[in-house]
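Student: okay, predicted coordinates and the sequence, questions at the end:
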2 protein chains.
Amino acid sequence: MGPGPSNVAPSVLRAMSAPLLGHLDPLFVKMMDEIKTMLRQVFLTKNEMTFPVSGTGSAGMEFCFVNLLEPGDEVVIGVNGVFGGRMVDVAERCGAKVTKVEAPWGRIIEPAQIAEALKGRRPKLVAIVHAETSTGALTPVEEIARLVREAGALMVLDTVTSLGGCPVRLDEWGIDAVYSGTQKCLSCPPGLSPVSLSPRALETATRRKSKVQSWYLDVNLLASYWGQERVYHHTAPISMNYALHEALRVLLEEGLEASWQRHRQVHETFVREMHKLELEPAVAESIRAPMINTVKIPERVDDAKVRQRLYDEFNIEIGAGLGPLKGKVWRVGLMGHGSRVENVELLLKALKQLI
Amino acid sequence: MGPGPSNVAPSVLRAMSAPLLGHLDPLFVKMMDEIKTMLRQVFLTKNEMTFPVSGTGSAGMEFCFVNLLEPGDEVVIGVNGVFGGRMVDVAERCGAKVTKVEAPWGRIIEPAQIAEALKGRRPKLVAIVHAETSTGALTPVEEIARLVREAGALMVLDTVTSLGGCPVRLDEWGIDAVYSGTQKCLSCPPGLSPVSLSPRALETATRRKSKVQSWYLDVNLLASYWGQERVYHHTAPISMNYALHEALRVLLEEGLEASWQRHRQVHETFVREMHKLELEPAVAESIRAPMINTVKIPERVDDAKVRQRLYDEFNIEIGAGLGPLKGKVWRVGLMGHGSRVENVELLLKALKQLI
C-alpha cells in the first residue's frame, strides 16, 4: 500500500513465468500488436505511436523530452512536487530553456498560471504532472491542454500514477505526448513505460534538425521495431511485456470506467473511515488523486515508528512524505489490484492500534 | 537457439513470479546488495560501482558513453559488426569525435590496429565489442586493453554476449567500463544491463564539467540509490531483479569456470558435428565465440525456408545473418541454460532433414 509498485494480480505473475520467446518471434510480434491496441484503449487515443518504452516511468519521461526537444528550445513546466522537478532536470539536460510554473506541494497547477506563463512566450511544449505521486494532488488537465494548444505548443502529460485509476483522455483533451508507468494502477511490475505521441508530436520528433541525444529512446528508430517493419532495434524485455499484456487484459476485462469508479469508491471509503480515527487527508477534497492518498500525520505520532511497526507487525508498507512533506504526511497507495475496501480496512485497523 | 534471448532455467522463471516488494523495502535492498556482490564475482572485479542498469543491453551501452563522454571528446571505437557500429552512433550522440577502427564482419579488431589508431592521438576512451553477436567473432581483449591504458585512455568493453560464457576478467585485463545483457549467457530474461565502472572511470563521470545528458542513466544519481544512501532515484524493475538474482545464483552454483568450460565443450561438439553435415563455421577457429556460432549457409540451401521450417516443424529458432552476412550465415546461440549437447543434437538432426 505504498506509492507503487502496487500489488499485482496472480495471473500477471503467472504470465511472467512463461518461457521466453525471441524479440522477433511471430508470437511475440502478435503480442506487441495486442499491447499497442490495448494501450490505445487505456489512453483513449487513436495515436499510432503508442507502445511501452523498455525502461521504467522515468525512462518514459526522458523519451518524451529527448524526442521533442532540441538545444535552445523554450519549454514551460508545472512544478508542484518531485516529478515536476524531475521534468525540469530532464528538459534542461536536453538543452532546453525552462520556465517553471510553481505551486506549493499538495496544490495543483492552475490554468490561470499556465495562461500567465504563455503570455508573450512561444514555448515548444508545456508539461505537467497529472497525479503527483509525491503529494497526492490531481491537476485537472482539460483546460490547461486547451490553453497550450491555443498557444501552438505541444502538451506533455505525466500519467505515471493516474493511468487506469482515473479518467485520462488523450484525444479528447488534446494531449500530444504522454508517458506512464506499469507499476501503479495498471498493476504490473515496474520495468516498462507506456508512451503515446500524437501525430503532431511525432512530426516534431521526425522533422527535428539534430539527432535525438539518446539512441535507446530515439522514436525514429523505435518506430521501425514497434511499427510494421519490425526492424531489430534492441531486445525488448520479453517477460515484462507478457506481464503488461496480461495486466492490460485484466484492466479491460473489468472495464476502464469500472476501474476508475472502483478507485474513486475505495478512495472515498478510505477518507470516510480515516476520519473515524481523527486522521485527515493532506490534500483538498476537489483535487485528491484517488489512487495516491496523502494523510496528515497527527502531531503526537512518531512517523517512522508507525511505518516500521506497520511493516514489521502487519506486513503493510505505506510511503513516507518526500521533500517539504517529509514527516508530515503518509502516502497510501490504493492502486490497481490493491485498490479494494478490504485493504482500507486492514490498514485502518492496524493504524488504530498504532496511533 | 537464436542469438538471444536464451532459454531460462525454470527456477529463474519461478523467481520472477514472486509477489512484488517495494523498491526501498529492506528485503529488496538486501537483494540489491547480493546482486552487486554476485555481479562482481561474475565480472571478476572489485569495482564498487557494479550493478544492473534498468534497461536492456543497449541501455547499458548508452550508460557507459553518456557518463564518460562530454561534447568534443575524442574516442576510438572498433567496428567489426552491428554493435561496434551502434557504439559509434551512441558516442556521436554524446558529441564525441569518433575514430573508427574497422575490420571485416567475422574478423576481429587486432591490437596492431588499435596501436596504430592511438599514434598521435590522445582519446578519452577506446571501446570494442568482446563477442560480436552479429558475426560470432571473439576479439581477444587483454593486449588491446594494455595498449589503451598505456595511452592513458579508458578501456570500454561490450560483454553483452560473452559474460558468463567465456573468460571476462575486468580487473586482470584493466577494463574501465563494461556493460552486458542478462539475456545471453546469464540466462535471465532481457530487461537489465549489468554494468561496472573502475574507480578511474567513476572519477571521470563524477568530475565531468557538464551534466550527464541522460537523467535516467546518470551514474551520479544512480550511485545514491545502488550505494549505501538508498536515495530514491527511479523504481527499479523489481521482478527482473528477482530473475537476475536467481540467474546469478545458478551460474555461481555451477561455477564461473565450469560454465566457461561447458560453453567451450558444447561449441566444440557443435563444430565437430556440423562438419558431418558438410556445414562449415563462418569464423576462423582461433577467434570463434563459443556461445554465438555462425554457420555458412550452403549455396544450394534456401536460408529463409530452412529457418521457417525449423521454427514450424521443430520448434527451434535460429538467427538470420545481419548486414553483409544476410543470407550467408545462420547464427546459432548456445548460451547459458541453452548451451547443452542435447540442443546441438536436436538442431543438427533437424537440419539433416532440411538441407
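Tutor: Nice, thanks for sending it over.
Student: and the closest residue to chain B within the stretch 251-355 of chain A, what are its phi and psi?
Tutor: Closest to chain B within the stretch 251-355 of chain A is A:Glu317: 5.3 Å, counting by Cβ to the nearest Cβ. For glycine as for every other residue, the C-beta is placed from the backbone atoms N, C-alpha and C. Phi and psi for A:Glu317, reported as degrees, to the nearest 10, are phi -100, psi 130.
Student: that one contacts A:Pro3, correct?
Tutor: No: applying Cβ atoms under 8 Å, one finds A:Glu317 not in contact with A:Pro3, separated by 9.6 Å.
Student: of the two, which one has the most company?
Tutor: A:Pro3 (28 against 17; other Cβ atoms under 10 Å in any protein chain shown).
Student: nearest spatial neighbour of the more buried one, skipping sequence neighbours?
Tutor: A:Gly319 (4.2 Å; Cβ to Cβ, 6 or more residues apart in numbering or on different chains).
Student: OK, contacts around that neighbour?
Tutor: A:Gly2, A:Pro3, A:Trp330, A:Arg331, A:Val332, A:Gly333 (Cβ atoms under 8 Å, 6 or more residues apart in numbering or on different chains).
Student: give me the number of residues near the fourth one?
Tutor: Same thing as A:Arg331. A:Arg331, neighbours per other Cβ under 10 Å, totals 23.
Student: what does the fifth one give?
Tutor: The local packing of A:Val332 (other Cβ under 10 Å) involves 29 other residues.
Student: which of the three states applies to it?
Tutor: strand (DSSP: H, G, I helix; E, B strand; the rest coil).
Student: ok, it touching A:Pro290?
Tutor: No: taking Cβ under 8 Å as the definition, A:Val332 is not a contact partner of A:Pro290, at 11.1 Å.
Student: related to what we said a few turns ago, now, which of the contacts of A:Gly319 sits nearest B:Asp73?
Tutor: Nearest to B:Asp73 among the contacts of A:Gly319 is A:Pro3, at 39.0 Å by Cβ to Cβ.
Student: mind listing what's buried along stretch A:111-121?
Tutor: By neighbour count on 16 or more other Cβ atoms under 10 Å in any protein chain shown, the buried set for stretch A:111-121 is A:Pro111, A:Gln113, A:Ile114, A:Ala117, A:Leu118.
Student: tell me the contacts of the fourth one?
Tutor: If a contact means Cβ under 8 Å, 6+ apart, then A:Ala117 has A:Val76, A:Thr99, A:Val101, A:Val126 as its contacts.
Student: of those residues, closest to A:Pro26?
Tutor: A:Val126 (41.2 Å).
Student: OK, contacts around that closest one?
Tutor: Counting by Cβ under 8 Å, 6+ apart, the residues that A:Val126 touches are A:75-78, A:114, A:117-118, A:144, A:148, A:151, A:153-156.
Student: now swap in A:Val160 and tell me
Tutor: Counting by Cβ under 8 Å, 6+ apart, A:Val160 has contacts A:Gly57, A:Gly60, A:Phe83, A:Ala131, A:Thr133, A:Tyr179, A:Ser180, A:Gly181, A:Lys184, A:Ser193.
Student: ok, A:Leu39 next?
Tutor: Counting by Cβ under 8 Å, 6+ apart, A:Leu39 has contacts A:Thr50, A:Phe51, A:Pro52, A:Pro194, A:Ser196, A:Leu248.
Student: repeat the analysis, applying 7 Å as the threshold.
Tutor: Applying Cβ atoms under 7 Å, 6 or more residues apart in numbering or on different chains to A:Leu39 gives the contacts A:Thr50, A:Phe51, A:Pro194, A:Leu248.
Student: so which of these sit within strands?
Tutor: Of those, the ones assigned to strands by DSSP state E are A:Thr50, A:Phe51, A:Pro194.
Student: is chain B within reach of whatever helix or strand A:Leu347 lives in?
Tutor: With elements taken from DSSP states H and E, the one containing A:Leu347 is helix A:341-354. No: Helix A:341-354 lies apart from chain B when judged by Cβ under 7 Å from any Cβ of the partner chain; the minimum separation is 14.1 Å.
Student: for that helix, buried residues please.
Tutor: Of the residues in helix A:341-354, those buried (16+ other Cβ under 10 Å) are A:Asn343, A:Val344, A:Leu347, A:Leu348, A:Ala350, A:Leu351.
Student: flag every buried residue along stretch A:149-161.
Tutor: Neighbour-count burial for stretch A:149-161 [16+ other Cβ under 10 Å]: A:Arg149, A:Ala151, A:Ala153, A:Leu154, A:Met155, A:Val156, A:Leu157, A:Asp158, A:Thr159, A:Val160, A:Thr161.
Student: widest-spaced pair of those residues?
Tutor: It's A:Ala151 and A:Thr161 that sit farthest apart of those, by Cβ to Cβ, at 26.5 Å.
Student: where does A:Val250 fall, phi/psi-wise?
Tutor: The phi/psi pair for A:Val250 (degrees, to the nearest 10) is phi -60, psi -40.
Student: what's around it, how many residues?
Tutor: Neighbours around A:Val250, by other Cβ under 10 Å: 20.
Student: same thing with A:Leu277?
Tutor: So A:Leu277, with other Cβ under 10 Å, has 14 neighbours.
Student: quick check: it touching A:Leu348?
Tutor: Yes: between A:Leu277 and A:Leu348 there is a contact under Cβ atoms under 7 Å: 6.3 Å.
Student: give the residues shared as contacts by these two.
Tutor: Counting by Cβ under 7 Å, 6+ apart, nothing touches both A:Leu277 and A:Leu348.
Student: before we move on, which element is the closest residue to chain B within the stretch 51-200 of chain A in?
Tutor: Among the residues of the stretch 51-200 of chain A, A:Gly191 lies nearest to chain B; the distance is 3.4 Å by Cβ to the nearest Cβ. Following DSSP H and E, there is no helix or strand that holds A:Gly191.
Student: so who does the closest residue to it other than its chain neighbours touch?
Tutor: Excluding its sequence neighbours, the residue lying closest to A:Gly191 (Cβ to Cβ, 6+ apart) is B:Pro237, at 3.4 Å. Counting by Cβ under 7 Å, 6+ apart, B:Pro237 touches A:Thr56, A:Pro189, A:Pro190, A:Gly191, A:Met240, B:Ser54, B:Gly191, B:Leu192.
Student: number of residues surrounding the last one?
Tutor: When neighbours are counted by other Cβ under 10 Å, B:Leu192 registers 31.
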